[in-house]
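Asks: show me the folded form of this:
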Amino acid sequence: QVQLVESGGGLVQPGGSLRLSCGASGFTLDYYAIGWFRQVPGKEREGVGCINGHDGTTYYVDSVNGRFTISRDNTKNTVYLQMNSLKPEDTAVYYCATPGGYYCSPNVVDFDSWGQGTQVTVSS
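Replies: Numbering: from 1, shown residues only. Below is the predicted model:
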């Protein structure tokens, strides 16, 4: 059974950093695109960024571009979301998911195999 598991969330002060991990069981992440998403209560889940499985190309939404970096370590079957210069508006539950193919998709509905999420809180 395909399963993704997020970890690494927590409480951090504005301007701080966190690294989230997305681990997989039941399949090898190497060739799959992995997207990162976030959601706050009362709002729709929004895409944060994505990394292709085929060529490692990364994509980010404007609000995190230059602050967040997605990378993958195939030896650990894990994709990371490095978050720097965090802002209070980055507070959310963060999820990873895959569209089931090599390439990222701009549509949230194309993603499945969602993890349980990890809470990130940016507050002083």
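Asks: phi and psi next, for residue 48.
Replies: The phi/psi pair for residue 48 (degrees, to the nearest 10) reads phi -110, psi -40.
Asks: pLDDT value on it, please?
Replies: Residue 48 is assigned a pLDDT of 97 by the prediction.
Asks: what's the closest non-adjacent residue to it?
Replies: residue 36 (4.4 Å; Cβ to Cβ, 6 or more residues apart in numbering). (C-beta placed from N, C-alpha, C; glycine too.)
Asks: surely the one you found touches residue 21?
Replies: No - counting by Cβ atoms under 8 Å, residue 36 sits too far from residue 21 to count as a contact (10.8 Å).
Asks: out of those two, which sits in the busier spot?
Replies: It is residue 36, of residue 36 and residue 21, that has more neighbours when counted by other Cβ atoms under 10 Å, with 25 against 17.
Asks: specify the beta-bridge partners of that one.
Replies: Judged by DSSP bridges, the bridge partners of residue 36 are residue 49, residue 96.
Asks: kindly state the pLDDT recorded for it?
Replies: 97.
Asks: also the one 3 residues further on?
Replies: Residue 39 carries a pLDDT score of 97 in this model.
Asks: run a quick neighbour tally on it.
Replies: Per other Cβ under 10 Å, the neighbour tally for residue 39 reads 14.
Asks: the closest residue to it other than its chain neighbours and residue 76, how far apart?
Replies: Nearest residue to residue 39, sequence neighbours excluded (Cβ to Cβ, 6+ apart): residue 45, at 4.2 Å. For residue 45, the distance to residue 76 equals 26 Å [Cβ to Cβ, to the nearest Å].
Asks: contact partners for the residue nearest the centre of the chain?
Replies: Nearest residue to the geometric centre of the chain (Cα atoms, centre = their mean): residue 36, 2.5 Å. Residues near residue 36 by Cβ atoms under 8 Å, 6 or more residues apart in numbering: 20, 22, 47-50, 68, 70, 81, 94-96.
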